[in-house]
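Colleague: The amino acid sequence is not available; the structure is as follows:
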């Protein structure tokens with residue numbers, strides 16, 4: 001199944017998609033949109049174009065696992081995405097993904113505008129890779 005991953009940010013939102021066999025997660029790009037309704041509509045359009053069957057939305061929990069204001073905002077956004085897309089939306093723990101993405105970009109010496117453009121979609125791909133790894137062992141379970 002094709003799954004769209006979303007790394008929801010205040011200013012920039014990164015997107016990634018997997019192949020139908022759920023082996024590869026690939027960064028798609030970034031949406032720069034502050035308005036949550038417009039952002040959800042743009043994500044819905046991308047989901048349709050990519051023929052996604054599910055959306056995985058990064059859930060920004062605190063490092064101790066508790067849910068703060070950003071995590072609650074993502075819960076609200078998840079409901080909006082489900083409404084706009086008609087697809088199931090899975091909240092997935094995103095702790096450490098931006099840091100991991102930044103480390104990858106350091107290794108490849110990606111700097112400046114290229115780094116800014118790559119960070120959010122790469123974070124979305126890392127979220128998706130984590131979800132896909134979980135699914136391999138839990139195909140019968142739903143999150």
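Modeller: Yes, it's here. The structure presented is a predicted model; accordingly, all values stated were derived computationally and were not measured.

Colleague: what's the burial count for the closest residue to residue 32 other than its chain neighbours?
Modeller: Excluding its sequence neighbours, the residue lying closest to residue 32 (C-beta to C-beta, 6 or more residues apart in numbering) is residue 12, at 5.4 Å. In short, each C-beta sits where N, CA and C put it, glycine included. Neighbourhood size, residue 12 [other C-beta atoms under 10 Å]: 18.

Colleague: contacting residues for residue 12?
Modeller: By C-beta atoms under 8 Å, 6 or more residues apart in numbering, residue 12 lies in contact with 30-32, 120.

Colleague: do that again at 7 Å, thanks
Modeller: When contacts are counted by C-beta atoms under 7 Å, 6 or more residues apart in numbering, residue 12 is found next to 30, 32, 120.

Colleague: Go ahead and confirm the last one touches residue 14.
Modeller: When you say that, I think you mean residue 120. Yes - the pair residue 120 / residue 14 is scored as a contact, 2.8 Å apart, by C-beta atoms under 7 Å.

Colleague: shared neighbours, the two?
Modeller: 7, 30.

Colleague: for the chain, what helix or strand is lowest in average pLDDT?
Modeller: helix 97-107 (a mean of 64; mean pLDDT, DSSP states H and E).

Colleague: Quick check: which of the contacts of residue 12 has the minimum pLDDT.
Modeller: The member of the contacts of residue 12 with the lowest pLDDT is residue 120, at 81.

Colleague: Check which helix or strand that one maps to.
Modeller: Residue 120 is part of helix 112-137, with elements assigned from DSSP states H and E.

Colleague: returning to that earlier point: residue 120 and residue 14 - which one has more neighbours?
Modeller: The residue with more neighbours, out of residue 120 and residue 14, is residue 14; 29 against 26, by other C-beta under 10 Å.

Colleague: Quick check: that one is in a strand.
Modeller: Yes - remark: residue 14 belongs to a strand, assigned using DSSP: H, G, I helix; E, B strand; the rest coil.

Colleague: ok, now how distant is the residue nearest to residue 32 from residue 50?
Modeller: 19 Å (C-beta to C-beta, to the nearest Å).

Colleague: Done for today, thanks.
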